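Enquirer: sequence and predicted model, in that order:
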Amino acid sequence: MRSPRTCRADPATAMKLAELRRQRALSQVELGERLGISQPHATKIEHQEDMRLATLRRYIAGMGGELRLLAEFPDISYEIAIGGETTTTPISNHANRDQ
């Protein structure tokens with residue numbers, strides 16, 4: 001069983017980290033400097049298929065963003081707290097969305 005601290009993106013629909021970094025107009029060297037890591041380490045992170053949420057959160061923060069985790073169900077979506085918070089917040093009710 002996989003550790004609950006890891007996640008895997010759906011390759012068919014997910015934006016790759018390298019593409020996201022390029023959209024933010026950052027090179028691997030620039031991002032590495034922000035994170036205090038080398039360019040080869042930034043490359044390694046971008047090519048990981050399975051990573052800890054803490055690593056992803058730090059990478060996104062290095063680009064100036066904030067990682068948010070969403071759990072979607074047929075009737076409702078929840079933003080899942082990560083990084084010290086202890087609650088989940090319902091953010092939409094799919095059943096009422098079309099009314």
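Expert: Happy to help now that I have it.

Enquirer: tell me how far Glu66 lies from Tyr59.
Expert: 12 Å (CB to CB, to the nearest Å). C-beta: built from backbone N, CA, C; applies to glycine.

Enquirer: which of these two has more neighbours?
Expert: Using other CB atoms under 10 Å, the more surrounded residue of Glu66 and Tyr59 is Tyr59, with 23 against 8.

Enquirer: where does the chain dip in pLDDT?
Expert: Residues of the chain that meet the criterion pLDDT under 70 lie in 1-13, 83-99.

Enquirer: again, 50 this time
Expert: Within the chain, the stretches with pLDDT under 50 are 1-5, 86, 95-99.

Enquirer: tell me which residues touch Leu70, please.
Expert: Ser77, Tyr78, Glu79, Ile80, Ile91 (CB atoms under 8 Å, 6 or more residues apart in numbering).

Enquirer: buried subset of those as a ChimeraX selection?
Expert: Applying 16 or more other CB atoms under 10 Å to these leaves a buried subset, and the ChimeraX line that selects it is:
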select :77,78,79
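
Enquirer: in helices, which of the contacts of Leu70 appear?
Expert: In helices, defined here by DSSP state H, there are no members of these.

Enquirer: nearest to Gly32, of the contacts of Leu70?
Expert: Nearest to Gly32 out of the contacts of Leu70 is Ile80 (CB to CB; 28.5 Å).

Enquirer: the closest one contacts Leu53, correct?
Expert: No - Ile80 is not in contact with Leu53 according to CB atoms under 8 Å; the separation is 9.7 Å.

Enquirer: touching both of those two, which residues are there?
Expert: Leu69.
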